[in-house]
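Q: compute the structure for the input listed below.
(chains A, B, C and D)
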Protein chains: 2
Amino acid sequence: MARAATTSDVFNAIAEPRRREIIGLLDDGREWAVGDVVARVKVGQPTVSKHLGVLRKVGVVTMVKRGQHRYYKLQAEPLKAVHDWAKMYERYWTHQINRIKERAEKKAMDRIERENRPKDPKK
Amino acid sequence: MARAATTSDVFNAIAEPRRREIIGLLDDGREWAVGDVVARVKVGQPTVSKHLGVLRKVGVVTMVKRGQHRYYKLQAEPLKAVHDWAKMYERYWTHQINRIKERAEKKAMDRIERENRPKDPKK
DNA sequence: GACATCTATTCTTATATAGGAATATATAAA
DNA sequence: TTTATATATTCCTATATAAGAATAGATGTC
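A: Numbering: from 1, shown residues only, chains lettered A, B, ... in the order given. Purely as a prediction, here's the structure:
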């Protein structure tokens, strides 16, 4: 099997660099017509429409029709899931002092947890 | 073309749910032999070896050989890139009050920027 | 040395795209 | 109504890759 569908997973949606690029463009808070985006990136209109469609399905952008145009607007709330996930590992790159402290805390927590959960992965 | 190779991009590396699962396991700070991971996930040994290989190529885990075993250890520093990227959009999900304030600031900044950069995407 | 165990690699298959070309559709304009 | 414009959709191709099966290679044990 290949990877899970991008339409159902924000992690997959942002894995595509072109989509992160588009998100970056829309971060100015304005509504962007598809053509505005096309004028800024190196891919054609159909490709842009598809990327915007993926972003819409995961809720990262919203769309309104107005006349001939469709305006897309960033609604980045779903990216919180990515932020929160990555934040769990923050101690790995924060200052050395903190890292040592946090690791000690983690070890203590692990020990406590191990005492309450006999099953050990290293059998 | 399909998506960029996972081996060269941490965003792609973490797009695969199974790899996030493995990262979560290794977050206990210990060294995990491949077999330890296999015992915890629902896929076979070759698949686990491949996932660990991808994580190693993007620097999220390190490996040491010891006897018959290969021990993998989480080294989550590269996830900082993901965290930093997502953090750029933090204002979209923080408290309403802050959001309003930040948007006003953003708008002001945009206006200033627009005055110095005549080129506008909405031509 | 013979055999078992641990892990990586190779091969195969199924599936998921990204992107372009062509086309369909909707709306605006003449 | 005819034509132009904006966008989505369909079709196609190339590529990526997840997962399992089989195998290879390394190390440990008898």
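
Q: contacts, neighbours, all on C-alpha from now
A: Will do.

Q: how is A:G59 assigned, secondary-structure-wise?
A: Under the three-state scheme (DSSP: H, G, I helix; E, B strand; the rest coil), A:G59 adopts coil.

Q: residues in contact with it?
A: By C-alpha atoms under 8 Å, 6 or more residues apart in numbering or on different chains, the contact set of A:G59 is A:Q75, A:A76, A:E77, A:P78.

Q: what's the closest of those residues to DNA strand D?
A: A:Q75 (15.9 Å; C-alpha to the nearest atom of the strand).

Q: measure the closest one to A:R20 for me?
A: 13 Å (C-alpha to C-alpha, to the nearest Å).

Q: more neighbours, those two?
A: The neighbour comparison of A:Q75 against A:R20 (other C-alpha atoms under 10 Å in any protein chain shown) goes to A:Q75, with 20 against 16.

Q: and A:V64, that one's in a strand?
A: Yes - when three-state DSSP is applied, A:V64 is found to be in a strand.

Q: thinking again about what came up before, most surrounded residue in the contacts of A:G59?
A: A:A76 (23 neighbours).

Q: low-confidence regions, chain A specifically.
A: Low-confidence segments of chain A, defined by pLDDT under 70: A:1, A:4-7, A:95-123.

Q: chain A: helices as residue ranges?
A: Assigned by DSSP state H, chain A shows helices spanning A:10-13, A:17-26, A:34-38, A:45-57, A:79-87, A:96-116.

Q: wait, A:Y92 sits on B:H83?
A: No - the pair A:Y92 / B:H83 is not scored as a contact, 11.8 Å apart, by C-alpha atoms under 8 Å.

Q: hang on, the earlier thing: give me the subset of the contacts of A:G59 that also touch DNA strand C.
A: Among the contacts of A:G59, no residue is within reach of DNA strand C (C-alpha under 7 Å from any atom of the strand).

Q: how about the contacts made by A:K65?
A: A:Y71.

Q: ok, now which ones touch the residue nearest to A:D9 when sequence neighbours are not counted?
A: Excluding the flanking residues, the one nearest A:D9 by C-alpha to C-alpha, 6 or more residues apart in numbering or on different chains is A:V58, at 6.7 Å. A:V58 makes contact with A:T7, A:S8, A:D9, A:V10, A:A13, A:P78, according to C-alpha under 8 Å, 6+ apart.

Q: in CSV: the residues you listed, plus distance to A:V38.
A: Formatted as CSV, the contacts of A:V58 follow (distance: C-alpha to C-alpha, whole Å):
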residue, distance to A:V38
A:T7, 21
A:S8, 24
A:D9, 24
A:V10, 22
A:A13, 19
A:P78, 24
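
Q: just the buried ones among those, please.
A: Listed as buried from these are A:T7, A:D9, A:V10, A:A13, A:P78; burial here means 16 or more other C-alpha atoms under 10 Å in any protein chain shown.

Q: DNA strand D versus the closest residue to the last one other than its chain neighbours, what's the distance?
A: Going back to what we said before, that points to A:P78. Excluding the flanking residues, the one nearest A:P78 by C-alpha to C-alpha, 6+ apart is A:V60, at 6.1 Å. A:V60 sits 14 Å away from DNA strand D, going by C-alpha to the nearest atom of the strand, to the nearest Å.

Q: list the contacts for A:V60?
A: Taking C-alpha under 8 Å, 6+ apart as the test, what A:V60 contacts is A:L74, A:Q75, A:A76, A:E77, A:P78, A:L79.

Q: if I look at the closest residue in space to the first one that isn't next to it in sequence, how far off is A:D27?
A: The shortest distance from A:L74 to any residue that is not its chain neighbour, by C-alpha to C-alpha, 6+ apart, is 4.5 Å, and that residue is A:V61. Counting by C-alpha to C-alpha, the gap from A:V61 to A:D27 is 10 Å.

Q: those two: who's more crowded?
A: Between A:V61 and A:D27, counting by other C-alpha under 10 Å, A:V61 is the more crowded of the two (22 against 17).
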